[in-house]
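Enquirer: fold the following.
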Amino acid sequence: MKMLSALWRLMRPHQWLKNSFVFTGLLFGHAWNDSVIVWHVVLVAVAFSLMASAIYILNDMVDREQDKLHPVKCLRPLAAEELTLPTAGLFAMLLTGIALSIAYAVSSVALIIVVAYALMNLAYSLRLKHVVMLDVFIIAMGFMLRILVGTLGVGIPPSQWLLLCGLMVTLFLGFAKRRAEMTALHNGGTAHRKVLAHYSSVLLDKMIGITASGVIMSYSLYTMSPDTIRAHGTAYLIYTVPFVMYGVFRYIYLLHEQQGGADPSRELVRDVHLVVAVLAWALTTFWLIR
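Expert: Sure thing, here's the model as predicted:
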């Protein structure tokens, strides 16, 4: 039972919330009435969740010694020596096999995207996470692949606006994550994450400001685009912009005043203001475009 609990925590199931990006194409592509597409989107979300868990395990295996120096990550099963490396490796291989099988059952495109996600994160874990800026862009690209597997992977044409907004949101979350890590760890945290030696708080604050502005501007322009109004049959999506603005500002507040921002999944579950803003945005958007 103790091992099962450790394996469950090793999968980091709370991080599966990030795979909600897989469902954005279903909403903005007006495909929620097609039961086959809905089922396929659910399947690729499951495949992406299992593959992401396998990648997290690989990360924990590679970063085990550094995680022991982190005030929170030292509690992870591998850093706390609750599991051995061979057990974690075999479990990651099992999750990878199941994820690839599910993606293949949906479509060859979904399989290619899931494989691309795995290879990109393998390169990230072994080398690219130490390359300044590129590390954050790879995190963002992981979210973009989630959007693509929920659109191209199931036969929904991806919107260019959707991809642009997704890129801005994920870059914002990526730079906020690095800023939170710098705040949380002593002496700049370079002993835990080497790439932090190449960042400064001033640089990250500028990047967060730029990408936060990009999120608000790109989404606002999207709601007013003639193509958007034609596709959704409404010009009222502009009224959902305040929810997006409040969510972005609240996240920046949590980052700077509440020592949050290191884990977007946890913030979206724990902070009542963020939960209400996201739900209000989603429900209002669905009501407008249904």
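
Enquirer: only C-alpha atoms from now on, for both contacts and neighbour counts.
Expert: Noted.

Enquirer: ok now stretch 170-189, how far from the chain's centre?
Expert: 15 Å (CA atoms, centre = their mean, to the nearest Å).

Enquirer: nope, stretch 201-221 is what I was after
Expert: Distance of stretch 201-221 from its chain centroid, counting by CA atoms, centre = their mean, is 17 Å.

Enquirer: that one - what's its average pLDDT?
Expert: Stretch 201-221 carries an average pLDDT of 93.

Enquirer: give me the buried positions along it.
Expert: Of the residues in stretch 201-221, 204-205, 207-209, 211-216, 218-220 count as buried by neighbour count, 16 or more other CA atoms under 10 Å.

Enquirer: looking at these, which are in helices?
Expert: Members of the buried residues of stretch 201-221 lying in helices (criterion: DSSP state H): 204-205, 207-209, 211-216, 218-220.

Enquirer: helix or strand right after the helix or strand of the chain with the lowest mean pLDDT?
Expert: Using mean pLDDT, DSSP states H and E, helix 264-270 stands out as the lowest-scoring helix or strand of the chain, at a mean of 74. Remark: after helix 264-270, the chain's next helix or strand is helix 272-289, criterion DSSP states H and E.

Enquirer: who does that following helix touch, helix- and strand-wise?
Expert: helix 241-257, helix 264-270 (3 or more CA pairs under 8 Å, 6 or more residues apart in numbering; DSSP states H and E).

Enquirer: of all those helices, which lies closest to Tyr104?
Expert: Closest to Tyr104 of the helices and strands packed on helix 272-289, according to CA to CA: helix 264-270, at 27.3 Å.

Enquirer: contacts for that closest one next, please.
Expert: Under the contact criterion CA atoms under 8 Å, 6 or more residues apart in numbering, helix 264-270 has outside partners 14-18, 173, 177, 260-261, 274-275.

Enquirer: dump the residues you listed to a markdown table, plus pLDDT, neighbour count and secondary structure.
Expert: Shown next, in a markdown table, are the contacts of helix 264-270 (pLDDT from 0 to 100; neighbours: other CA atoms under 10 Å; DSSP: H, G, I helix; E, B strand; the rest coil):
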| residue | pLDDT | neighbour count | secondary structure |
| --- | --- | --- | --- |
| His14 | 83 | 12 | helix |
| Gln15 | 81 | 16 | helix |
| Trp16 | 86 | 17 | helix |
| Leu17 | 83 | 15 | helix |
| Lys18 | 81 | 18 | helix |
| Leu173 | 90 | 25 | helix |
| Lys177 | 87 | 21 | helix |
| Gly260 | 74 | 23 | coil |
| Gly261 | 68 | 25 | coil |
| Leu274 | 90 | 21 | helix |
| Val275 | 90 | 15 | helix |
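
Enquirer: using CSV, list the CA coordinates for the least confident helix or strand of the chain.
Expert: Provided in CSV are the C-alpha atoms of helix 264-270 (Å, rounded to 0.1, in the frame of the first residue of the first chain):
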residue,chain,number,x,y,z
PRO,A,264,0.0,26.7,-12.0
SER,A,265,-2.1,23.6,-11.3
ARG,A,266,-2.0,24.1,-7.6
GLU,A,267,-2.8,27.8,-7.9
LEU,A,268,-5.8,27.1,-10.1
VAL,A,269,-7.2,24.7,-7.5
ARG,A,270,-6.2,26.5,-4.2
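
Enquirer: quick one: it to chain centroid distance?
Expert: Distance, stretch centre to chain centre, for helix 264-270: 11 Å (CA atoms, centre = their mean).
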